[in-house]
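Visitor: with the sequence up front, the predicted model follows.
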Amino acid sequence: MEIELTITALSHAGEGIGRQAGRAVFVPFALPGETVRVEIVAEKKNFARARLLEIITPSPDRIAPPCPHHFALSPLSRAEEAGDVSPEAKQSGEGSGVRACGGCQLQHLAYPAQLKFKHQTVVEQLTRIGGFTDPPVRPTLPSPAPFGYRNHVQFSLAPDGKLGFQAAGSNAVVPIRECHVLSPAVRELWTYLNVESAPELDRLTLRATDDDALVIFESERDAPDLELDLPVSAALLRPDGSSYTLAGRDYLIETVRGREFKISAGSFFQVNTALAEQLLALVLDALALRGGETVLDVYCGVGLFTAFIAPLAGRVIGIEAFAPAVGDAAENLDEFENVEIYEAPAEDVLPALTVKAEAVALDPPRAGCAPEVIDALAASGASRIVYVSCDPATLARDAKRLCAGGYTLAWAQPLDMFPQTYHVECVALFQSTDCFATD
């Protein structure tokens with residue numbers, strides 16, 4: 001069914017929202033203020049999903065996306081509507097809204113509007129999920145580079161073995177010729193490899209800095225038969241997160257604020273190095289350490305925050321469950337005698353920890369914190385808790401529980417760690433109400 005729709009808002013996932021017959025209709029790649037023609041493709045009781053067919057009245061914030069794999073109302077997509085597209089063209093996805101790459105949901109939205117959208121997303125999630133009234137959310141900090149920022153990329157494999165990304169709203173893989181969010185170093189590595197097909201792999205990850213590069217092969221089957229002639233390091237990443245060196249070494253060296261960090265093939269590190277430095281500065285300022293404090297660094301990873309907290313604190317206790325990251329952290333933090341790391345899930349360590357901490361930094365995965373973690377932190381008596389989040393919804397959920405346990409949300413600062421996508425990083429400062437009352 002085709003209908004005409006007025007788009008009034010964006011969902012937290014960057015989809016346009018209109019209303020028809022009392023229900024919400026979600027339209028990927030449509031923008032607020034636009035009148036559009038759409039085709040309903042899925043209907044539920046209270047909402048529907050639609051495919052964008054025509055932009056009748058465009059938004060003033062709409063721009064032409066530079067990437068050919070982003071959604072476009074092109075002759076090919078119109079031919080698809082008429083059924084005049086070959087199977088080969090459908091497989092390639094070139095120029096097709098149906099087979100658009102799902103990696104960048106907002107390339108068609110002007111960058112200042114992207115920043116406003118991400119600020120509003122944090123406000124709405126803290127209000128709707130967290131139950132906050134007029135939450136103290138600061139304007140979004142922009143990325144120094146809206147394009148060319150990603151220091152690593154993970155390719156999926158299409159059925160024919162070609163490298164690509166998952167399609168928008170689908171698990172299908174769109175073969176990729178170019179990607180505008182990759183850093184120059186990653187793009188150069190990709191070009192050098194010149195991989196046209198790798199059917200023996202499940203995924204291929206490239207990580208690169210100006211001075212170092214690592215190619216990571218992933219296969220859930222036996223190790224693929226690979227012939228390597230590369231002037232870069234290469235590793236095979238196993239399903240359990242451990243890695244095996246194929247050439248050079250199985251880790252990368254990344255530099256932040258002049259300090260080097262070892263990052264193993266499976267270890268997490270921020271994808272936007274330039275903004276990671278701003279993120280670090282926010283965390284340190286929010287902790288407001290005066291010297292001598294005991295600080296918890298929960299989900300400490302390879303030790304990015306710990307390395308800069310340790311010189312300012314009396315004692316730092318890191319908690320991390322991923323064994324390769326703990327190994328990296330042990331090397332990255334070897335010079336500090338006041339640092340100790342627990343290799344275990346935070347929900348196992350924190351309830352049993354008897355140490356009194358004055359401040360806490362935590363950077364959980366997208367799923368946020370287990371309830372046991374929030375409850376243990378609320379009971380810790382720490383005067384300040386600095387929460388780094390990559391998902392406003394789970395931040396809002398955990399903030400509600402933390403504030404019910406005796407803390408106040410002082411501020412939340414969104415950062416655009418992931419330009420051109422709906423994802424948003426956020427740093428939130430929580431202060432103990434007991435401590436706050438005596439200040």
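Guide: Right, received. Where do you want to start?
Visitor: all helices for the stretch 301-439 of the chain, in order.
Guide: 304-309, 323-332, 346-349, 371-378, 392-404, 433-438 (DSSP state H, counting those that start in this stretch).
Visitor: closest to residue 23 out of the ones you listed?
Guide: For residue 23, the closest of the helices of the stretch 301-439 of the chain is helix 392-404, at 22.0 Å, according to Cβ to Cβ. To be clear about C-beta, it is placed using only N, CA and C from the backbone, and glycine gets the same treatment.
Visitor: helices or strands up against that closest one?
Guide: Identification of packing neighbours for helix 392-404 by 3 or more Cβ pairs under 8 Å, 6 or more residues apart in numbering; DSSP states H and E yields helix 111-128, helix 371-378, strand 384-389, strand 407-415, strand 425-432.
Visitor: in its sheet, what does the helix or strand just after the longest one sit against?
Guide: Okay, so that is helix 111-128. Using DSSP states H and E, the helix or strand that follows helix 111-128 in sequence is strand 152-157. The strands beside strand 152-157 in its sheet (DSSP bridges) come out as strand 163-166 (antiparallel), strand 203-208 (antiparallel).
Visitor: pretty sure residue 379 contacts residue 405?
Guide: Yes. Counting by Cβ atoms under 8 Å, residue 379 sits close enough to residue 405 to count as a contact (7.1 Å).
Visitor: give me the number of residues near residue 231?
Guide: 8 (other Cβ atoms under 10 Å).
Visitor: which of residue 379 and residue 405 has more residues huddled nearby?
Guide: Taking other Cβ under 10 Å, residue 379 and residue 405 do not tie; residue 405 has more neighbours (17 against 12).
Visitor: which stretches of the stretch 151-300 of the chain have low pLDDT?
Guide: The model of the stretch 151-300 of the chain has pLDDT under 70 over residues 196-197, 221-230.
Visitor: try 90 this time
Guide: By pLDDT under 90, the low-scoring segments of the stretch 151-300 of the chain are 156-163, 166-177, 190-203, 218-232, 238-242, 244, 246-247.
Visitor: would you map the helices across it?
Guide: 184-193, 273-287.
Visitor: for residue 149, see how far away the nearest residue to residue 146 once chain neighbours are set aside is.
Guide: With Cβ to Cβ, 6 or more residues apart in numbering as the criterion, residue 146 has its nearest non-adjacent residue at 4.3 Å, and that residue is residue 419. If you measure residue 419 against residue 149 using Cβ to Cβ, to the nearest Å, the figure is 6 Å.
Visitor: quick one: common contacting residues for the two?
Guide: 143, 181 (Cβ atoms under 8 Å, 6 or more residues apart in numbering).
Visitor: what's the domain layout of the protein?
Guide: Annotated domains of the chain cover 2-104, 114-144+272-438, 152-254 [automatic domain parsing].
Visitor: so which of the strands paired with strand 152-157 is the most surrounded?
Guide: strand 203-208 (a mean of 22; mean count of other Cβ atoms under 10 Å).
Visitor: how deep is the nearest residue to residue 47 once chain neighbours are set aside tucked in, by neighbour count?
Guide: Counting by Cβ to Cβ, 6+ apart, residue 47 lies nearest to residue 24, which is 4.4 Å off, once chain neighbours are set aside. Neighbourhood size, residue 24 [other Cβ under 10 Å]: 16.
Visitor: between the two ends of stretch 331-340, how far is it?
Guide: 12 Å (Cα to Cα, to the nearest Å).
Visitor: and that stretch, how far out from the chain's middle?
Guide: How far stretch 331-340 lies from its chain's middle: 28 Å, per Cα atoms, centre = their mean, to the nearest Å.
Visitor: buried residues in it, which are they?
Guide: Applying a neighbour-count criterion of 16 or more other Cβ atoms under 10 Å, one finds 332-333, 336, 339 buried in stretch 331-340.
Visitor: could the residues you listed be laid out in a markdown table, adding pLDDT?
Guide: A markdown table is the format used below for the buried residues of stretch 331-340 (pLDDT from 0 to 100):
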| residue | pLDDT |
| --- | --- |
| 332 | 98 |
| 333 | 98 |
| 336 | 97 |
| 339 | 98 |
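Visitor: just the ones of those in strands?
Guide: residue 339 (DSSP state E).
Visitor: I'd like the buried residues of stretch 331-340 as CSV, with distance to residue 155 appended.
Guide: Shown next, in CSV, are the buried residues of stretch 331-340 (distance: Cβ to Cβ, whole Å):
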residue, distance to residue 155
332, 28
333, 32
336, 37
339, 36
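Visitor: the nearest residue to residue 329 once chain neighbours are set aside and residue 287: what is the separation?
Guide: Using Cβ to Cβ, 6+ apart and skipping the chain neighbours, the partner closest in space to residue 329 is residue 303 (3.8 Å). From residue 303 over to residue 287 the distance is 16 Å, taken as Cβ to Cβ.
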